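[1] sequence below, structure please.
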Amino acid sequence: MRILVTGATGNVGRPLVEQLLAAGHQVRALTRNPQNAALPEGAEVAAGSLTETATLSAAFEGVDAVHLISFGGDDYAPLANGAEIVGLAEKAGVRRVTVLKGDQGRSLLDGAVEDSGLEWTRLAPVEFMANTLEWAESVRTEGVVREAFADARSAMVHEADIASVAATALAADGHAGREYWLTGPQALTPPEKVRVIGEVLGRDVRYVELDRSEAVADWRRAGYSDEDVEFFLAMRTDPPEAGYTVLPTVERVTGRPARTFAQWMRENAAAFGA
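    Purely as a prediction, here's the structure:
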C-alpha cells in the first residue's frame, strides 16, 4: 500500500513511518519542515501542514490510506478544517484512515470522518511515556525528580505501540468503525516511575514530593495558562478512570504485548544522562 503519514516527525508519526517501511509499504511523510525531518531512507517526504488545507492536495494524491492527527500547529489546537481534509481524502480516492485523538472530546475531524465514506479507526491513547522527558534535565543534573501528587497513577503508553496499532489498522481489514483506547501494561505513580528511571540508569534518583501550591507555581513559571493549570490539577486530583485503567488493546490489535516503561527508559536513557 501507499500510505500518507501526517505529523511524520512527531512522537507517533516517526515510529509509524519506520514500521510501515519495515513492513514493505510505500510511505509518504508529511511535515512542515522537510529540510529538518531526518526521516528514514525510503520515505517520500512531502511539505505541508494539516492546519493549511491548500498545502495538502499533492500529499493526498495516489495514496490508499492516511494517518491523521486531530490537532496541529505549534499550539496543538484542534483542527478547524476537518471537513476540508476529509473532502480532499475522498476526492483523492483514499480508502482508509486512522485518526490520532489529542483529547477525549469529539473534534471536527472526528465528525467529518464519521460522516464520510472512509473506513476509519480512531486511536485514543492515554498519557505518552515521552512526557517523562520533562524530568530529564533534573535527573541528568541533580539526580532528582520534583513532582506533586505522589499517588496519581497513569497507564502511560509507549509511542511506538500507538504507531503499531495505527500501522495495523491502516494495512489490515477488520478495524473500520473502531475506537481503540491505548494504554501501557502498568499504571504507575510518580515515585514508581522514578524507581524505574534509577534502575535503568544504574544510579540513585530521588523523588521529592511537591505540595499543590509548589506544583502550580512551577507550571505558572513554565508559562502555562490558567486553563492549562486547571486541567493539570484535574488530571492529578480527579483523573478519569481511563487514564489509569490498563487495557489489553495493544496486544489484541497487534498480537504483541504493550511495551513497558522500563523498555521506554532503556531506549531514551541518554536523555537522562546515561
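[2] what sits against the residue lying closest to Glu114 once chain neighbours are set aside?
    Nearest residue to Glu114, sequence neighbours excluded (Cβ to Cβ, 6 or more residues apart in numbering): Trp120, at 6.8 Å. In short, each C-beta sits where N, CA and C put it, glycine included. Neighbour list for Trp120: Arg96, Val97, Thr98, Val99, Val113, Glu114, Ala176, Gly177 [criterion: Cβ atoms under 8 Å, 6 or more residues apart in numbering].
[3] where along the stretch 1-150 of the chain do the strands fall?
    Using DSSP state E, counting those that start in this stretch, the strands of the stretch 1-150 of the chain run over 2-5, 26-31, 44-47, 65-69, 71-72, 77-78, 96-100, 119-125, 144-148.
[4] thinking again about what came up before, just the closest of the contacts of Trp120 to Asn268, please.
    Thr98 (24.6 Å; Cβ to Cβ).
[5] for the closest one, list each beta-bridge partner.
    His67, Thr121 (DSSP bridges).
[6] that one contacts His67, doesn't it?
    Yes: contact criterion Cβ atoms under 8 Å: Thr98 and His67 qualify, at 5.0 Å.
[7] tell me, what's touching those two both at once?
    What both Thr98 and His67 touch, as defined by Cβ under 8 Å, 6+ apart, is the set Ala166, Leu170.
[8] picking that back up, roughly how far apart are the residue nearest to Glu114 and Pro239?
    28 Å (Cβ to Cβ, to the nearest Å).
[9] what of Asp211?
    Asp211 is 18 Å from Pro239, by Cβ to Cβ.
[10] same drill for these two, tell me which one is more crowded.
    Applying other Cβ atoms under 10 Å to Asp211 and Pro239 shows that Pro239 carries more neighbours, namely 16 against 10.
[11] what's the neighbour count on Ser138?
    Counted with other Cβ under 10 Å, Ser138 comes out at 17.
[12] got a list of what the nearest residue to it once chain neighbours are set aside touches?
    Leaving aside its sequence neighbours, Ser138 sits nearest to Val144 (Cβ to Cβ, 6+ apart; 5.3 Å). By Cβ under 8 Å, 6+ apart, Val144 lies in contact with Ser138, Val205, Arg206, Tyr207, Val208.
[13] picking up where we left off before, possible to save the strands of the stretch 1-150 of the chain as a markdown table with mean pLDDT?
    Converted to a markdown table, the strands of the stretch 1-150 of the chain look like this (pLDDT from 0 to 100):
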| stretch | mean pLDDT |
| --- | --- |
| strand 2-5 | 98 |
| strand 26-31 | 97 |
| strand 44-47 | 96 |
| strand 65-69 | 97 |
| strand 71-72 | 80 |
| strand 77-78 | 82 |
| strand 96-100 | 96 |
| strand 119-125 | 96 |
| strand 144-148 | 96 |
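[14] would you reformat these as CSV and include distance to Glu90?
    Shown next, in CSV, are those (distance: least, Cβ to Cβ, whole Å):
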stretch, distance to Glu90
strand 2-5, 14
strand 26-31, 17
strand 44-47, 19
strand 65-69, 11
strand 71-72, 20
strand 77-78, 21
strand 96-100, 10
strand 119-125, 12
strand 144-148, 45
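[15] separation between Ala172 and Asp238?
    Following Cβ to Cβ, the distance that separates Ala172 from Asp238 is 38 Å.
[16] one more: Glu137?
    29 Å.
[17] so which of the two has more stuff around it?
    Neighbours around Glu137 and Asp238, counted as other Cβ under 10 Å, are more numerous at Glu137. The numbers are 12 against 8.
[18] for Asp218, see how far away that one is.
    13 Å.
[19] tell me the contacts of the residue nearest to Leu133 when sequence neighbours are not counted?
    Counting by Cβ to Cβ, 6+ apart, Ala271 is the residue found nearest to Leu133 once chain neighbours are left out, at 6.0 Å. Shown in contact with Ala271 (Cβ under 8 Å, 6+ apart): Leu133, Ala136, Arg140.
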